[in-house]
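Enquirer: With the input below, show me the fold.
(2 chains)
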Amino acid sequence: MTISLFNTYTRSLQEVTPLLDNQVKLYACGPTVYNYAHIGNLRTYIFVDILRRSLEFAGFTVNHVMNITDVGHLSDDADEGEDKVVRESRRSGKTVWEIAEYYTNAFFSDIARLNIKTPTTSCKATDHIDDMIRLIMKIEENGFTYSAGGNLYFDISKFPEYGKLALLSLDDLKTGARIAVDEQKKNPQDFVLWFTNSKFDRQAMIWESPWGRGYPGWHIECSAMAMRFLGDEFDIHCGGIDHIPVHHTNEIAQSQAATGKQPVKCWVHGEFLLFDKEKMSKSAGNFLTLSLLADQGYEPLDFRYFCLNAHYRTQLKFTFEALHAAKTGRNNLVLRIADIKEECDNTPTRVFGKKSENYWKEFVAHVCDDLNMPRCLSDLWQMIKETDIPANEKLALIEDMDNVLGLSLMDSVRKDVLLDEEITALVEEREKARKEKNYQRADEIRGLFVQKGIVLEDTAAGVRWRKK
RNA sequence: GGCGCCGUACCCAAGUGGUAAGGGAGAGGUCUGCAAAACCUUUAUGCAGCGGUUCGAAUCCGCUCGGCGCCUCCA
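Expert: Numbers count the residues shown, from 1 in each chain, chains lettered A, B, ... in the order given. A predicted model of the protein is given here:
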């Protein structure tokens, strides 16, 4: 089984062949913890999870490292006085450390609810300031820096390949189009490695360094921690598409300036979730969280299923109508699987007939083809609807496919409701009314159940019921 | 202004040279109590528009129209 991924650096499909035997070294950009993750952020973490599960599916072990950015950054172009964590701190009256801890916990709670596997290593930026300082010293020794106005800058003119990842044409960038250019920079794309002369007087997190008391530039943390946990070179670096032009571009420049080696073999980026026809963003205030979806009756896995219906490299339009379609679709899937479990007494078997074998091959091919989850879901649906595949084979396929999909499909039940005496009595009364052809009363009772969120199904074998 | 990407049915969305996956919604049917639920069937001679290449194009090329992103922190 060979997985191919679209490498942003080469803009082409590339087979995954690990540097180290059977282990894939994967670095995924993590959250900045100054607020709740919105569902656009979460789409990207679902993508990373699919990537990781697919690699494991293909037989690799995955060393998955994710940073937690708990040092704040610029809040937005209109705000020049604070960083994001500081701003949140002032708003809530908590310390910056408390803010970071609170939202870190909230983040891990969200990804757990979405069946996203926890990274092998999650590392906080503030625990690795020393690593960053050492890395900056190396970059300085190699002659890629200059200091101006108290800050230490990376000099992109010393790095001819700058911008290759993003296909940047430096001459044509409209610098200063939306934000004032830092006058101290030699080139507009130069970026700060270490701040001592902060324009943020409320900066709360400050460390000693060879360049004076201050704090690190944003991009250095990922270079430093990736190196620390994965080495100078590793297999895959993934994250949101927005990181291509600046963050990842700068990361490559820094790491390569320090080690002389290209740090990453394959760059993989997930596209945006669109909301109201534009990208969802915290600063624009148009963002939804998992909790807000829950308030409207949508479970985290409904959102996961919704995301899996689109390829990770295409923009996905979020609407409640579309989410609702996903919820209904997933619910139907769960009911069918519950019936399949019942039919084979919950006993999967992996002695496959030709048809099962074919579905399996198709599914594997679609996983390997740049993680084509929409196709994988399609395979799953078609297989389930197939009439001449035994239930025990279907169940085995479902179990194996779910290792990639992560939808907890094997937990599917019809959600039978425990009967209390009132419900039993009502069911009996309704059956009696039906026998007497008193359908008005029977429907009245069914209405009562609907109010309780219970759907009655009159089947040949008797009445059964489930939660809606 | 430059760069990157996209435009497929009512909605979400696969498919990137060989004759349109899947889900939701809608329609028809089976069952039934003229019910609900369930189940089955069905729904784009068509892929923004116009040219071109080709035996053959949603898929390749050109132009036009429309949308999104990036050049600023951002998933």
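Enquirer: In the stretch 201-350 of chain A, which residue sits closest to RNA strand B?
Expert: When you check the stretch 201-350 of chain A against RNA strand B by CB to the nearest atom of the strand, the closest residue turns out to be A:G240, at 1.0 Å. Every residue, glycine included, has its C-beta placed from N, CA and C.
Enquirer: Is A:M66 located within a strand, as I assumed?
Expert: Yes. Checked against DSSP: H, G, I helix; E, B strand; the rest coil, A:M66 lies within a strand.
Enquirer: thinking again about what came up before, next, count neighbours for the residue of the stretch 201-350 of chain A closest to RNA strand B.
Expert: Close neighbours of A:G240, defined as other CB atoms under 10 Å, add up to 22.
Enquirer: partner residues bridging it?
Expert: On the basis of DSSP bridges, A:G240 is bridged to A:G270.
Enquirer: Report the contact partners of it.
Expert: By CB atoms under 8 Å, 6 or more residues apart in numbering, the contact set of A:G240 is A:29, A:41, A:44, A:269-270, A:272.
Enquirer: Contacting RNA strand B as well, which ones from the residues you listed?
Expert: The subset of these within reach of RNA strand B, by CB under 7 Å from any atom of the strand, is A:29, A:41, A:44, A:270, A:272.
Enquirer: Go through the residues you listed and flag which are in strands.
Expert: Counting by DSSP state E, the ones next to RNA strand B among the contacts of A:G240 place A:G270 in strands.
Enquirer: Reformat the ones next to RNA strand B among the contacts of A:G240 as TSV; add pLDDT and neighbour count.
Expert: Below are the ones next to RNA strand B among the contacts of A:G240 laid out as TSV (pLDDT from 0 to 100; neighbours: other CB atoms under 10 Å):
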residue	pLDDT	neighbour count
A:C29	92	23
A:N41	93	23
A:T44	95	26
A:G270	93	27
A:F272	90	19
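Enquirer: domains for chain A, by residue range?
Expert: Listed domain ranges for chain A are A:4-270, A:318-411, A:421-467 (source: automatic domain parsing).
Enquirer: Can you list the residue ranges for helices in chain A?
Expert: With DSSP state H as the criterion, chain A has helices at A:39-57, A:84-92, A:96-113, A:129-141, A:220-230, A:249-259, A:290-295, A:300-308, A:320-343, A:354-368, A:373-385, A:391-405, A:421-435, A:439-451.
Enquirer: and these, which one is worst for confidence?
Expert: Lowest mean pLDDT within those: helix A:84-92, a mean of 72.
Enquirer: Grab the nearest non-local neighbour of A:F306.
Expert: A:A326 (3.7 Å; CB to CB, 6 or more residues apart in numbering).
Enquirer: List the contacts of the one you found.
Expert: Contact analysis of A:A326 by CB under 8 Å, 6+ apart lists A:302-303, A:305-306, A:309.
Enquirer: one step back: as CSV, the helices of chain A with distance to A:V413 would be great.
Expert: Shown next, in CSV, are the helices of chain A (distance: least, CB to CB, whole Å):
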stretch, distance to A:V413
helix A:39-57, 23
helix A:84-92, 41
helix A:96-113, 19
helix A:129-141, 48
helix A:220-230, 40
helix A:249-259, 46
helix A:290-295, 20
helix A:300-308, 14
helix A:320-343, 5
helix A:354-368, 24
helix A:373-385, 16
helix A:391-405, 14
helix A:421-435, 18
helix A:439-451, 18
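Enquirer: Tell me which of the ones you listed sits nearest to A:S169.
Expert: helix A:249-259 (12.7 Å; CB to CB).
Enquirer: Tell me the gap between the closest one and the middle of its chain.
Expert: Between the centre of helix A:249-259 and the centre of its host chain there is 25 Å, according to CA atoms, centre = their mean, to the nearest Å.
Enquirer: now stretch A:36-53
Expert: Worked out by CA atoms, centre = their mean, stretch A:36-53 lies 1 Å from the chain centre.
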